[in-house]
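> Predicted model and sequence below, questions to follow.
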Amino acid sequence: MARLLLVRVGDSELCLDLSELSGVALMPRLLSLPGSRRDLLGVVAVRGRILPVFDLAALLGLTGAAGLAPSMRWMALVDDQLGFAFERLQAHIDAPLLSLRDAAARYVRRVVSIETDQRGIIDLRSLKDSLSRLDPPSPPSPATSSVAPASPQGSLS
Amino acid sequence: MSQTWTFTKKIGAGLLVALAAMAGLCAIAHWSNQVLLEANGRVETTHAVIDALGDLISGIQVSEDQAHVYVLTGTSAMGEKAHATLANLPKLTASAEAALQDGESLAGLDELKRQLRIESDQLEKLMAARKEGGFEAASKLVEDDNVEVVRIQEIEDGMESALRIKLARETDAAHAKANLAKWTLFGGTLVALILLAGGGFMLARSLTRQIGSAVSDMQSASTELQAAANQQASGSKEQATAATEITTTIKELMTSSRQIAESAQRVARIADETANAARSGKATVDQAHEAIGGIRRQVDVIVEHMVDLGRRSQQIGSILEIIGELAEQTNILAINATIESAGAGDAGKRFAVVADEIRKLADRVGGSAKEIRPLIEQIRAVANAAVMATENGSKAVDSGQRRFGEVAASFSRIAESVGTTSEAAREIELSTKQQSSAVEQVNLAIGSVAIAAREMETSTSQTFQASSQLAGLSKDLAKLVTSSA
């Protein structure tokens, strides 16, 4: 059984794997850094640590202009070392492992079927690794857009 | 002669001119007569003086003859006659003096009187000598040449010739004055005739002109009078016809007036009924107005309750947001607990179950909160709509209350107007009755007018006849005045 969080990133609904997260929190007070990357929103203080927060939609190439939007209220923590900001937490999904299928996108390696729709599962580890290597984020692949269609209906079960 | 003078003035002026001429002629004749009489008087005086002198001379001659006879005969009767004749001589002298006019003197008269006195004295002496001494004494007296020769005849002849010359001169003067009087009378008569003829001509011409003008005016006036009489006759006929038509119209007007009076009566009756209905309607409207006031108060209470309901729903919404936030926080805690339990391995499985239950509970709370939120929103919307509707209803009630007030006022005005209408209808009825009475009087007056028109037509025909006669008379008068007429 895979435990997933259905979230809204930009205009798309994608899933996060709880096993890759070290926590979820509402966006605390964000301090922006001058001269930083476009997808680096700033730094926050969480649990006594200073963590960088990245724009998940910008990293995935789901939005044209990076930056902290007022609707970006949520933040997913990875290894208590960095955070990824997204718009809204939609639902908590327990998906059978058999319902997961592989995908070929760079940061979306799996997809899950939710009723009649399929939602991509973001590979936060790969994102963290690429950010750790200071690799610039690659542009979104066709597979990412194909496995992450925006469909607000049917995402809640 | 002035054209403004009347006939009386003109004729009077002509008569005055004639009288003046006649008076002048009379004056001239009187003056001529006076002159002639005066001349004749002088001639007669002269003749009287001559005659008186003749008588005096005759008396002296008679007295001389009688004295001579007495001296010759001694007849006493003759002596007495001689004395009487001598005694009469002063009277004859006085007669001659009396014949003279006042202030006129006659030359030689005094000498003649002295000679007469001498002659008388000598004759008296001679007769006295005859009587006393007889014939011889008387002859002796004459022979003694005691008798003075008197010149009586000589003086008398001188005086007579002087008187004759004066008589001839006076006769010539009388003839001259008679000629002057004759020519003066002739001239005055001629002048008077000229004046009379001229005045008569001017008077006749003026009168002829004036009378001719008057006759012409009279002819034109009579012609106009005929035309006017004709027009008046036709007008009288038309007036009579019009009076008949007016009488017919007035009868119709009387009929319509009666109908109007009946209609006014009906209007007054209906107006009374309408006034009663308006008063009843006003009472009903007042009751409805009071009922609307009660509704308005109830609506105010409802509005207050609905506003309170909206306020409470807002409070519920606020609480619901808090619940949603709590559910969200709980969900976050549950997710984080799930993550922590996963990190704890087997030891965290039971905690993971609890966290999952908490998460599900948070999901249910969040879902319920989400479900409640639209309901609350619906309640708030319904409450707002109810408030709006109630406020609209309150406004409508206010408007209705005002409308009812206006309706009540309208009913009052209607009642007043209907009362006024009723009064006006009664006044119309009364006025129409008075009008009917007046129309009847007018009908009678028109009848009188028709009668008067017919009488006027008759009198107009008489006027026409009189004007025709007047025209004939004016023509006759014109013929009398002017020959060319």
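Arrived safely.

> And stretch B:359-373, what's buried?
Of all the residues in stretch B:359-373, those buried under the rule 16 or more other CB atoms under 10 Å in any protein chain shown are B:359, B:362-363, B:365-366, B:369, B:372-373. C-beta here means a position set from N, CA and C on the backbone, and glycine is covered the same way.

> Pull the distance from it to the chain's centre.
Taking CA atoms, centre = their mean, to the nearest Å, one finds stretch B:359-373 lying 120 Å from the centre of the chain it belongs to.

> for it, what is the average pLDDT?
Confidence for stretch B:359-373, expressed as mean pLDDT, is 85.

> same question, stretch B:190-202
Mean pLDDT, computed over stretch B:190-202, is 83.

> about what we covered before: from the buried residues of stretch B:359-373, pick the one nearest residue B:66.
residue B:373 (212.6 Å; CB to CB).

> what sits against the closest one?
Residues in contact with residue B:373, defined by CB atoms under 8 Å, 6 or more residues apart in numbering or on different chains, are B:317, B:320, B:324.

> Which residues are in contact with the second one?
Okay, so that is residue B:320. Residues in contact with residue B:320, defined by CB under 8 Å, 6+ apart, are B:369, B:372-373, B:376.

> number of nearby residues for residue B:451?
Neighbour count for residue B:451, taken as other CB atoms under 10 Å in any protein chain shown: 12.

> From chain A, how far off is residue B:377?
Distance, residue B:377 to chain A, by CB to the nearest CB, to the nearest Å: 20 Å.

> try residue B:340
Residue B:340 sits 8 Å away from chain A, going by CB to the nearest CB.

> Please apply the same query to residue B:453.
Distance, residue B:453 to chain A, by CB to the nearest CB: 111 Å.

> Likewise for residue B:224?
For residue B:224, the distance to chain A equals 119 Å [CB to the nearest CB].

> For the spatially most central residue of chain A, give me the pLDDT.
In chain A, the centroid-proximal residue (CA atoms, centre = their mean) is residue A:56; its distance is 4.9 Å. Looking at residue A:56, its pLDDT is 91.

> Return the residues in contact with the residue nearest to it when sequence neighbours are not counted.
Leaving out its chain neighbours, the residue that sits closest to residue A:56 by CB to CB, 6 or more residues apart in numbering or on different chains is residue A:84, at 4.2 Å. Neighbouring residues of residue A:84 by CB under 8 Å, 6+ apart: A:53-54, A:56, A:59, A:75-76, A:78, A:124, A:127.

> Tell me the residues of chain A that contact chain B?
Proximity of chain A to chain B (CB under 8 Å from any CB of the partner chain) is limited to residues A:3, A:5, A:18-19, A:21-26, A:89, A:91-92.

> If we use 10 Å, what do you get?
With CB under 10 Å from any CB of the partner chain as the criterion, chain A meets chain B at residues A:3, A:5, A:18-26, A:73-74, A:76-77, A:89, A:91-92, A:94, A:156.

> Buried members of the residues you listed into PyMOL, please.
Burial among the residues of chain A next to chain B is assessed by 16+ other CB under 10 Å; the matching PyMOL selection reads:
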select buried, chain A and resi 3+5+18+20+21+22+23+24+25+74+76+77+89+91+92
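
> what packs against the biggest helix by length in chain A?
Using DSSP state H, we find that the single longest helix of chain A is helix A:124-132. Contact analysis of helix A:124-132 by 3 or more CB pairs under 10 Å, 6 or more residues apart in numbering or on different chains; DSSP states H and E lists strand A:12-17, strand A:49-55, helix A:56-59, strand A:74-78, strand A:82-86, strand A:108-114 as its packing neighbours.
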